[in-house]
Every structure is written in C-alpha cells, then in structure tokens.
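Student: pasted the sequence and its predicted model underneath.
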Amino acid sequence: MSVKKVRYYLFLKDILLLSVTAFGGPQAFLAMLLERMVKVRGYISEDDLWELNALCNMLPGPSSTQLVSAIGFRVGGPNLAYLALIVWILPATMLMTGAALLISFLQQNTPGALNFARFIQPMAIGFIIFAAQKTIGKMVQSTEAMVLMMISAFVSFFYSSPYIFPVLLLIGGISTSIKYKKQPKLEKDAPLKIQWPNFYLWGGVLVLAAILGGITKSHEILLFENFYRNGSLIFGGGQVLVPYLYTEFVDFKHFLSSEEFLTGYAISQAIPGPTFSIASYVGALSMREGGTLGFLFGGLIGAAGIFLPGIFLIFFVIRFWDQLKVYRPVRAALEGINAVSCGMLIAAAYLLFEPLEANGMNIFFILATYSMLQFTKISSPAIIAGGVTLGILYNYFLA
C-alpha cells in the first residue's frame, strides 16, 4: 500500500473516530479537530483550520460537515472529501433514524417513557459554554474583535431570525477588511478563476426539487425539497435550524408532535456527530406511515436534503479559496467573521437556556457539565451517558 493510500486511510479512520466521539455541536467539535487534525496528524496548519472554519461560517449549511469535507478536499481532493462526508454523517444519521424508530415504539408501548432525556438539554448548554470559552480564546485577539463579538451576541439574542446571521457575518467581515493594510502582501500566482459547476448543481437541485414536488405532489419529493431548502438558507449552525424545522414540521405540517420533536432535539444533543442529523429523525417520523422502510427512507431523505446544499457550496468555494485569500481585504475580513461567529455562539447558549425552566436542577446540570469538561478528564461520551442514566432513574423512581 502506498504512503498516500495509508495517509488517506488514516484520515478516514480519524474522521470515523471523531464522528462517534464529537459531542456538543460544531464549536465543541473544533477543539477536537484542532487536537487530532492539526496537532497530532498535521493534515493542515492551525491557521488553515481557522481560515476554513471562517469560510464555512460564511456559507449556509452545516459548518462542521463542510469543514470536514473541506479538510478532506485539501488532503486528498474531491474523492477523499466525499468519502469523509459519508463517514462523518453516517453514524449520526443511523443513530437519529434509530431514535425515531425507538420513540415511535415507546409511544405505542410505554407511555411517559420519553422523560429519559430530561437532563440532556441543560447539559448541552454546558457543552456550548465550554466550547465558547475555548473558541473565543483562539479567535478573538483584538479589541475590535471583542467589540464585534459582543455586538453580534446582543443582536443574535434579540433578533434570532436566520436572515440576521449572514448580515452580521457580512458586516463583521467588512468592518475588519478596512484594516487590510496591516496584512502582509502575498504574491498572486495566477488571476482569480472561478469554477461554476458545483454552484449550478446546488441551484439546479433546488429548482428541480421544487418543480417536481409541485407537479407530482409526492410526499418523498416534497420532504426532500423542504430539507434541501432549509439546508440552503440556514446560517449559524444546528441551533438555528431547529426552530425552522419545528415551525415547518410541527406547527405547519403536523408531521410530528411537539413532544416528539423536543425529545428528538434532546437526543441529538446526546449523540456525537453533526447537529444537523436531527433532520434524519424528523424525516423518519414524517414517513412513519410507511412502516420500518418508511422510517429508513425518511431518515435518508432528511440527511440528503439537509447536508447536500452546504456540501455543494463548500466544494464550489474551496476550489478558488486559495486564490481568493491572497487578496489582503479578504484575509483581513476573517478576523471580523470569526468574532461574529463567537458572538453567535454566546447567543446560542442564552437562546437554548431561555425555554428551560430556570430552576436549581437545570442550573446544576449546566454548571456540573461545564465543570467536568473544564476541570476533569472525563470524556464527553461518559458525561452524556451519565446524564441519560440519571434521566432514566429519575423517570422510574422520582417522577
């Protein structure tokens, strides 16, 4: 086996390991990515990681999944990137589809058993606070960046519309790009050349799914179009996606009950991998009338619809990113984009806490989770498993 093939094999093995151990959403995932992909393996430099992360935050879709694919593209081109994508999303997709099957079974056979996830949501906030601390320490290095972060957090909290996120990112990027003269000059190897096929693919699928859904009224095609449209428009990660899915599939289409959706959300915080995998859970329950095959097909439709648009877009941009970042205003803009992203992360922690009852038990689990992550070497899976176990015990003995 050639050295190159061994390197690709190790890369996919590392992605698989992350896919089954990365808890806490994309920001918590960044710390693990930095440790394994940069410090241990040296696939890319730390500066490259932060640049790619900023690039993914500028695009709609699942940032962690886009980042994994972008790193795969850098290491071994598009073929390795697509393999990395599959390896990264498959465990979470299978787990959330299985969760939908389990929830449906429990509802039919064990009423009231869904309370086992009662402690997972406050624990997820603890994960996000810990991730925010680590990420801010890396990305916010100047007074201007600190101010941008606080403004972004304030605006994101009080105006939690998904349309505000791209505006904030744009403003943040522009506000620091004016300091481009502080950036060192880099020689341009070649004029900027944009390859459009992946952009056309993204737009073509969006239009085609809408047309076919409107003509055929097929439940499967309409379901795919719903997820693909959401995946094409959502900036700010899985926490922004959740209220959109709730509105569309619970309030408007009534494919799920509120209890089913919120239980699925809690489970999505308790499993490793991309937080966008909740789409597989929603898709599976949306097709429950088809039996077991309906659950499986719905889970695959949810995954394909929610992940594909972001992947098409990152593969479009990554091909000319190295040429684009040579321009000093572009590199200067990354400081503002990173700062705004950190502000969104702070707001996400507040917005997640808002619907929780502000009681001592929820606050205890938030602080306990943060403290274990900060001051102990207990692994994330062990912390989550402990929360689920306590939820089960509470449900059967104290509820």
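Tutor: The structure has been received and is ready for your questions. Numbers count the residues shown, from 1 in each chain.
Student: how about the strands in this protein?
Tutor: With DSSP state E, there are no strands along the chain.
Student: low-confidence stretches in the stretch 201-350 of the chain?
Tutor: 235-240, 243, 325, 348-349 (pLDDT under 70).
Student: switch to 90 and redo it
Tutor: 217, 219, 229-276, 289-292, 310, 317-350 (pLDDT under 90).
Student: so how far is stretch 388-399 from its chain's centroid?
Tutor: The chain centroid and the centroid of stretch 388-399 are separated by 29 Å under C-alpha atoms, centre = their mean, to the nearest Å.
Student: list the buried residues of it.
Tutor: Residues 388, 390-392, 395 are the ones in stretch 388-399 that count as buried (16 or more other C-beta atoms under 10 Å). Any C-beta I mention is one placed from the backbone N, CA and C, and that applies to glycine too.
Student: repeat for stretch 316-333
Tutor: For stretch 316-333, by 16+ other C-beta under 10 Å, it's 316-319, 321, 323, 325-328, 330-333.
Student: residue 167: which of these is nearest?
Tutor: residue 333 (14.5 Å; C-beta to C-beta).
Student: ok, that closest one - contacts?
Tutor: 172-174, 176-177 (C-beta atoms under 8 Å, 6 or more residues apart in numbering).
Student: change it to 10 Å
Tutor: Residues in contact with residue 333, defined by C-beta atoms under 10 Å, 6 or more residues apart in numbering, are 54, 58, 169-170, 172-180, 325, 327.
Student: and the least confident of these?
Tutor: When these are compared by pLDDT, residue 325 scores lowest at 68.
Student: can I assume residue 16 is in contact with residue 84?
Tutor: Yes. Contact criterion C-beta atoms under 10 Å: residue 16 and residue 84 qualify, at 9.5 Å.
Student: looking at the two, which is more packed in?
Tutor: residue 84 (26 against 15; other C-beta atoms under 10 Å).
Student: pLDDT value on the more buried one, please?
Tutor: 93.
Student: and residue 47, how many residues sit next to it?
Tutor: Residue 47, neighbours per other C-beta under 10 Å, totals 10.
Student: then residue 39?
Tutor: What residue 39 shows, counting by other C-beta under 10 Å, is a neighbour count of 9.
Student: sorry, back to before: who wins for neighbours among the contacts of residue 333?
Tutor: Going by other C-beta under 10 Å, residue 172 tops the contacts of residue 333 with 27 neighbours.
Student: show me which positions of stretch 201-218 end up buried.
Tutor: 201-202, 205-206, 209, 213.
Student: distance to residue 32 added to those, as CSV?
Tutor: Formatted as CSV, the buried residues of stretch 201-218 follow (distance: C-beta to C-beta, whole Å):
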residue, distance to residue 32
201, 30
202, 28
205, 31
206, 32
209, 34
213, 38
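Student: if you look at those residues, which of them are in helices?
Tutor: Among the buried residues of stretch 201-218, the members found in helices (DSSP state H) are 201-202, 205-206, 209, 213.
Student: wait, which of those residues is closest to residue 255?
Tutor: Relative to residue 255, and with distances defined as C-beta to C-beta, the nearest of those is residue 213, at 15.1 Å.
Student: pretty sure that closest one contacts residue 227?
Tutor: No. Applying C-beta under 10 Å, one finds residue 213 not in contact with residue 227, separated by 11.5 Å.
Student: tell me where the stretch 251-399 of the chain has helices.
Tutor: Along the stretch 251-399 of the chain, counting by DSSP state H, counting those that start in this stretch, helices occupy 258-270, 278-286, 291-324, 328-353, 360-375, 380-397.
Student: so where's the stretch 51-200 of the chain shaky on pLDDT?
Tutor: In the stretch 51-200 of the chain (pLDDT under 90), the answer is 51-65, 74-78, 102-145, 149, 152-196.
Student: distance check, residue 350 against residue 171.
Tutor: 20 Å (C-beta to C-beta, to the nearest Å).
Student: distance to residue 147 added to the buried residues of stretch 316-333, as TSV?
Tutor: Shown next, in TSV, are the buried residues of stretch 316-333 (distance: C-beta to C-beta, whole Å):
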residue	distance to residue 147
316	32
317	28
318	30
319	34
321	27
323	31
325	24
326	28
327	25
328	22
330	21
331	20
332	16
333	16
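Student: tally up the residues packed near residue 220, please.
Tutor: Using other C-beta under 10 Å, residue 220 has 17 other residues around it.
Student: ok, it - contacts?
Tutor: Here residue 220 is in contact with 213, 283, 286-287, 290, 294, 297-298, 301 (C-beta under 10 Å, 6+ apart).
Student: what does residue 133 give?
Tutor: Contacts of residue 133 by C-beta under 10 Å, 6+ apart are 31, 345, 370, 373-374.
Student: quick one: buried residues of stretch 43-63?
Tutor: Here stretch 43-63 shows 43-44, 48-63 as buried, counting by 16+ other C-beta under 10 Å.
Student: got the residue ranges for the helices in the stretch 1-150 of the chain?
Tutor: 3-19, 25-33, 46-58, 63-109, 120-139, 143-158.
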